[in-house]
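1. Turn this into a model:
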Amino acid sequence: MRRRWVREHRGETSPSPDLVFDLYDPARGWVPKPGVRDLELRGGWRLSTNSKGARGAAERPYENQAGVARILLFGDSFTFGEEVSDDETYGRFLEGMLPGVEVVNLGVHGYGHDQMLIHLREEGVRTQADVVILGFTDTDIGRNVLSFRSYAKPRFVLDGGRLRLVGSPVPPPETSCVPTPGGRARSTSWRCSPTPSCAASAPGRRSWNLRAKSRRRGRGPSSRRATPSSGDPTRAPTPAPPGTG
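-> Predicted coordinates for the structure are as follows:
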């Protein structure tokens, strides 16, 4: 998964059809591309984003309009509107039900609560609003302990009763892992920098050495299988593509 992440950003392979509208972001890991217009995606749904990357083509200035109440939506793919077009998101329906109210959809597919909090700090506090709604599912809880979920991401740890951000800034894919050609075809290994994106997985999950994955057994020390490194033996939820929530 990490290798594909690197290759996609290097242009060595085509991105997943469901992730073509994502950009690397050092603060949150990934964000929707700004300025997308009526992009048709797999399944026939269409996507637009404004100049700030918010869902929908409508521009939303940070300052609120006089006489108009504003609601900010934060959340995962259910809020963002994965697999539905701009006029089919619940944010759009909410706006249609409330005359004199503007709804700004800042949901991003695949986000955990950690990324939602960073998003709130970055954009939410700059955007004048009367109400903030956080939409989430229980799946998002498990994402809070992950440092990689199809893309590298930051996370918070509890330190002395306070939240401390780790893995930030998120390292760019180009500097996280580099291929190291081996002596035989198909023996290429990958050297990863000691960052949360590659060298270490989240607490509660055994991390695995990426080297020698394709080497065969029975050829001496260089043929060892990948083995789990030290760490908490409990398991965190298996990472899934950002587009699944």
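2. Tell me the strands beside the longest strand seen in the chain, with direction?
-> The residue-count maximum for a strand in the chain (DSSP state E) belongs to strand 69-75. Here strand 69-75 has these sheet partners by DSSP bridges: strand 101-105 (parallel), strand 131-135 (parallel).
3. residues of the first one that come out buried?
-> By neighbour count, and taking 16 or more other CB atoms under 10 Å as the criterion, the buried residues in strand 101-105 are 102-105. Bear in mind the C-beta positions are built from the backbone N, C-alpha and C, glycine included.
4. cool, the last one as well?
-> With burial defined by 16+ other CB under 10 Å, the residues of strand 131-135 counted as buried are 132-135.
5. from those, which is closest to Gly161?
-> Leu134 (22.5 Å; CB to CB).
6. For the closest residue to that closest one other than its chain neighbours, list the residues it contacts.
-> What sits nearest to Leu134 in space, not counting adjacent residues and going by CB to CB, 6 or more residues apart in numbering, is Phe74, at 5.1 Å. Residues near Phe74 by CB atoms under 8 Å, 6 or more residues apart in numbering: 106-107, 116, 119-120, 124, 132-135.
7. For Asp86, find the nearest of the strands paired with strand 69-75.
-> Per CB to CB, nearest to Asp86 of the strands paired with strand 69-75: strand 101-105, 9.0 Å.
8. after the closest one, next one along is what?
-> helix 113-119 (DSSP states H and E).
9. If you count contacts, what does that following helix end up packed against?
-> Secondary-structure packing of helix 113-119 (3 or more CB pairs under 8 Å, 6 or more residues apart in numbering; DSSP states H and E): strand 69-75, helix 139-143, strand 155-159.
10. how about a cut-off of 7 Å?
-> strand 69-75 (3 or more CB pairs under 7 Å, 6 or more residues apart in numbering; DSSP states H and E).
11. Report the mean per-residue pLDDT for the next helix-or-strand element following the strand it packs on.
-> Heading C-terminal from strand 69-75, the first helix or strand you meet, by DSSP H and E, is helix 77-80. For helix 77-80, mean pLDDT rounds to 97.
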